[in-house]
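Asker: no sequence for this one, just the structure:
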């Protein structure tokens, strides 16, 4: 029998960490409460900047934007997995309906497919 409480705790812990990580590099002020984040600049704006300074800021912002997107996708996966726990479908492959292997859920508690269908997700 699948211990959903165990996986719920793992998912909630990861969700809290993702939210903390996102808060450090992005903001959700655009759509507060909707888990829609936007990267923010790491440095305050300066009036007198060289081209190199501007280029560095753009590169830093691009990196933050990519990281924000990756973390946001993972957060959505975590939230969806928690919803599956609540509605009783957690741990079932969305392709075959078979149980997802425990070791797969240990490695990725938000997994939606079994190992057989891992590339069909």
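Answerer: That came in fine, so what should we check first? As the structure is a computational prediction, the values presented were derived from the model and not from experiment.
Asker: What strand or helix carries the closest residue in space to residue 15 that isn't next to it in sequence?
Answerer: The shortest distance from residue 15 to any non-neighbouring residue, by Cβ to Cβ, 6 or more residues apart in numbering, is to residue 78 (4.7 Å). No exception for glycine: its C-beta is placed from N, CA and C like everyone else's. According to DSSP states H and E, residue 78 maps onto helix 51-87.
Asker: In terms of secondary structure, what does that helix contact?
Answerer: In terms of contacts (3 or more Cβ pairs under 8 Å, 6 or more residues apart in numbering; DSSP states H and E), helix 51-87 is packed against helix 4-25, strand 36-39.
Asker: the inter-axis angle of that helix versus helix 4-25?
Answerer: 160 degrees (axes from the mean of the first three to the mean of the last three Cα atoms, to 10 degrees).
Asker: Give me the below-cutoff pLDDT ranges for the protein.
Answerer: Regions of the chain meeting the criterion pLDDT under 70 cover residues 27-48, 53-54, 57-59, 61.
Asker: My read is that residue 96 contacts residue 115, right?
Answerer: No - here residue 96 does not reach residue 115: they are 10.9 Å apart, not a contact under Cβ atoms under 8 Å.
Asker: Buried by neighbour count: which residues of the helix or strand following the helix holding residue 78 qualify?
Answerer: Once the chain leaves helix 51-87, the next helix or strand it forms, by DSSP H and E, is helix 102-107. Neighbour counts using 16 or more other Cβ atoms under 10 Å place 104, 105 of helix 102-107 among the buried residues.
Asker: quick one: contacts of helix 102-107?
Answerer: Helix 102-107 has contacts (Cβ atoms under 8 Å, 6 or more residues apart in numbering) with 2, 7, 91, 111, 114, 115, 118.
Asker: What about the first one, how many residues nearby?
Answerer: Other residues near residue 2 number 14, with proximity taken as other Cβ atoms under 10 Å.
Asker: Who are the contact partners of the residue nearest to the spatial centre of the chain?
Answerer: Central residue of the chain (Cα atoms, centre = their mean): residue 74, 2.0 Å from the mean position. Shown in contact with residue 74 (Cβ under 8 Å, 6+ apart): 14, 18, 110.
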